[in-house]
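Novice: Take a look and give me a structure for this.
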Amino acid sequence: MLNMGLLPLYFLFLFLSISSGEISNQVGINYGQLGDNLPSPKESVKLIQSLGAKGVKIYDANPDILNVLKHTNLQVSIMVPNELITNISTNQKLADYWVESNVVPFYPKTKIRYLLVGNEVISSSPNETWYNIVPAMRKIKNALKTHSLSKIKVGTSMAMDVLESSFPPSNGTFRSDIAVPIVKPMLQFLNRTRSFYFLDVYPYFPWSTNPKNINLDYALFESRTVKYTDPVSNLTYTNLFDQMVDSVVFAMKKLGHPDVRIWIAETGWPNGGDIDQIGANIYNAATYNRNVIKKLTAKPPIGTPARPRWILPSFIFSLYNENQKPGPGTERHFGLLYPNGSNVYGIDLSGETPDSDFEPLPKPDNNEPYKGKIWCVAARGVNASELGSALSYACSQGNKTCESIQPGKECFKPDSLVWHASYAFSSYWSQLKNTGATCYFNGFATQTAKDPSFGHCKFPSVTL
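Specialist: Model (predicted):
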């Protein structure tokens, strides 16, 4: 017979069991492969294990990686590529074939536990694909059942931009264009199949776009004094991460699904970036990731103000700095490791190593916005023919972008591809940065604070 004095503890345990299912508060890692200088899958899996990870998420179903993951005891999440979603959504045979080819050969020796249908589809794919996400999830789930793989959870990852409002957290609301036709049936599917809402949460981005009004320590889990109380829910927040997660909790509640579990599919902080990217440094990255790991691995679970004591399973982003990721410099600097396998900073994904055991961190030097001029020039050691294509593209954009490097003009000499490309990149960026243009050009350009102007040739610049 159950001791009556233990009843409250019993019901608490029962609640935690119901809300967390078979999940644990162990932290995994995102293993991206967008680099031309990364270690082999075999070496990468050894590095993943050395970091104390209990799981790994990959962005495809790479057979070389899945083979190496056999017998490792790492829980694995794989992914259907975004470009296959539309075809799978209307073709059960194709879904069956995908599962038969990408899951069956490896399961159960490789502990595939989660299968994501696309990555941030609503953020990165044409809107005609959006309406196919849930039908594709259903087809993949049916295919798993056909092969007696029903324990594998099916989901899709979502970024914070699916919300129309996220502040205060109680005002969290999904965008009106996707709430009813896409998100609601998705939540119904996730609830029915006991799966998860896979959420990508990056406090760095809201902080870096509004550093005057958002306290950096609040974003890094370091604040001891800054708190925010939601005026509607009366819940008090001590960090930005919890605010962001709870805005999704409240948004789901508004659609009638208050209990769908959340899995942190990605979170992290960049260890470097472009000159104009505030706060992207090793000190902040280490501080954020160490603190978020402490939170996520705490026993008993901490949860969030809206979901106290709920487990938040998670994958930290990411394993490596990946040099072929497009976009601003931060995109290529989220790794816990450099491509040579060495640590960017000390980290233990198990949360068991105290911070005092790690080497001292370099002091941050870019926590305040950069003020001055920046130029965009050709990167060192790039392929000449591909640089020529980037030059042609830059010259085709904007207004008289390359007029000054035409024969006889003030910037024609020295007559070299690198010189002309550097001028074109700076001219392009100075004109179009305010429209969202970046200094990247598929990796052929880089920012500099050193004026490349020479003689009578004055390079256009961006002033911050």
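Novice: buried sites along stretch 340-356?
Specialist: Within stretch 340-356, the residues that count as buried by 16 or more other CB atoms under 10 Å are 343-345, 347-349, 351. C-beta here means a position set from N, CA and C on the backbone, and glycine is covered the same way.
Novice: What is the nearest of those residues to Tyr440?
Specialist: Sorting the buried residues of stretch 340-356 by how near they are to Tyr440, with CB to CB, puts Val344 at the top with 21.1 Å.
Novice: check which helix or strand covers the residue lying closest to that closest one once chain neighbours are set aside.
Specialist: On the basis of CB to CB, 6 or more residues apart in numbering, the spatially nearest residue to Val344 that is not a chain neighbour turns out to be Asn271, at 5.1 Å. Using DSSP states H and E, Asn271 sits within no helix or strand.
Novice: again with the one 3 residues further on
Specialist: Under DSSP H and E, no helix or strand contains Asp274.
Novice: got the contact list for Met79?
Specialist: With contacts taken as CB atoms under 8 Å, 6 or more residues apart in numbering, Met79 has the following neighbours: 57-61, 115-119.
Novice: hmm, 7 Å instead?
Specialist: Applying CB atoms under 7 Å, 6 or more residues apart in numbering, one finds that Met79 lies in contact with 58-60, 116, 119.
Novice: Next, the spatially closest residue to Asn25 that is not a sequence neighbour: secondary structure please.
Specialist: Computed as CB to CB, 6+ apart, the closest residue to Asn25 that is not its neighbour in sequence is Ile311, at 4.8 Å. On the three-state scheme (DSSP: H, G, I helix; E, B strand; the rest coil), Ile311 is labelled coil.
Novice: In contact with Ile311, which residues?
Specialist: 20, 23-25, 301.
Novice: how near is Trp434 to Lys253?
Specialist: Rather than Trp, residue 434 is Asn. When distances are taken as CB to CB, to the nearest Å, Asn434 and Lys253 turn out to be 38 Å apart.
Novice: Any stretches of this protein with poor pLDDT?
Specialist: Applying pLDDT under 70 to the chain picks out residues 1-22.
Novice: tell me the centre residue of it?
Specialist: The central residue of the chain, meaning the one whose C-alpha is nearest the mean C-alpha position (CA atoms, centre = their mean), is Glu266 at 4.6 Å.
Novice: Take the buried residues of stretch 340-356 and keep only those in helices.
Specialist: Using DSSP state H, no member of the buried residues of stretch 340-356 falls in helices.
Novice: so which of the residues you listed would you say is closest to Ser148?
Specialist: Proximity of the buried residues of stretch 340-356 to Ser148, judged by CB to CB, is greatest for Leu349, which lies at 31.7 Å.
Novice: any idea how far Ile78 is from the closest one?
Specialist: Counting by CB to CB, the gap between Leu349 and Ile78 amounts to 20 Å.
Novice: same check, this time on Phe174
Specialist: When distance is defined by CB to CB, Phe174 is 26 Å away from Ile78.
Novice: Just want to check the distance between Thr161 and Val248.
Specialist: No, residue 161 isn't Thr; it's Asp. Looking at Asp161 against Val248, where the rule is CB to CB, the gap reads 12 Å.
Novice: who's more crowded, these two?
Specialist: Set side by side, Asp161 and Val248 show unequal neighbour counts under other CB atoms under 10 Å, the larger going to Val248 at 24 against 13.
Novice: three-state assignment of that one?
Specialist: Look at Val248: counting by three-state DSSP, its state is helix.
Novice: try Thr287
Specialist: Recorded secondary structure, Thr287: helix (three-state DSSP).
Novice: just checking, it touches Ser223?
Specialist: No - because the distance of 11.7 Å does not satisfy CB atoms under 7 Å, Thr287 is recorded as not touching Ser223.
Novice: Include distance to Thr193 when you put the contacts of Ile311 into CSV, please.
Specialist: Supplementary listing: the contacts of Ile311 in CSV, determined by distance: CB to CB, whole Å:
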residue, distance to Thr193
Ser20, 16
Ile23, 14
Ser24, 20
Asn25, 22
Pro301, 23
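Novice: Which of those ranks first by neighbour count?
Specialist: The most crowded member of the contacts of Ile311 is Asn25, carrying 21 neighbours; neighbours defined as other CB under 10 Å.
Novice: out of everything not next to it in sequence, what's closest to Lys409?
Specialist: Using CB to CB, 6+ apart, the closest residue to Lys409 is Glu403 (6.6 Å).
Novice: In space, what's closest to Val180 - neighbours in sequence excluded?
Specialist: Leu255 (8.0 Å).
Novice: residue contacts, the residue lying closest to Trp263 once chain neighbours are set aside?
Specialist: Spatial nearest neighbour of Trp263, excluding adjacent residues (CB to CB, 6+ apart): Phe196 at 3.9 Å. For Phe196, the contacting residues are 153, 155, 190, 261-263, by CB under 7 Å, 6+ apart.
Novice: picking up where we left off before, check the contacts of Ile311 against Pro414 and report the nearest one.
Specialist: Taking the contacts of Ile311 together and measuring to Pro414 by CB to CB, the closest member is Asn25, at 59.5 Å.
Novice: tell me the phi and psi of that closest one?
Specialist: Note on Asn25: backbone dihedrals following degrees, to the nearest 10 are phi -90, psi 40.
Novice: That one against Ile293, yeah?
Specialist: No - counting by CB under 7 Å, Asn25 does not reach Ile293; the two are 10.2 Å apart.
Novice: where do the strands sit along the stretch 1-150 of the chain?
Specialist: Counting by DSSP state E, counting those that start in this stretch, the stretch 1-150 of the chain has these strands, from start to end: 27-31, 55-58, 75-80, 112-119.
Novice: So what does the residue nearest to the centre of the chain have for phi and psi?
Specialist: Torsion angles at Glu266 (phi, psi; degrees, to the nearest 10) stand at phi -150, psi 140.
Novice: Where do the strands of the stretch 251-400 of the chain begin and end?
Specialist: With DSSP E, counting those that start in this stretch as the criterion, the stretch 251-400 of the chain has strands spanning 261-267, 303-304, 307-308, 314-316, 373-378.
Novice: what sits against Lys153?
Specialist: By CB under 7 Å, 6+ apart, the contact set of Lys153 is 113-114, 195-196.
Novice: let's see 8 Å
Specialist: So Lys153 contacts 113-115, 193-196 (CB under 8 Å, 6+ apart).
Novice: Generate a markdown table for those, with distance to Ser124 as supplementary columns.
Specialist: What follows is the contacts of Lys153, written out as a markdown table (distance: CB to CB, whole Å):
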| residue | distance to Ser124 |
| --- | --- |
| Arg113 | 24 |
| Tyr114 | 20 |
| Leu115 | 19 |
| Thr193 | 24 |
| Arg194 | 27 |
| Ser195 | 21 |
| Phe196 | 20 |
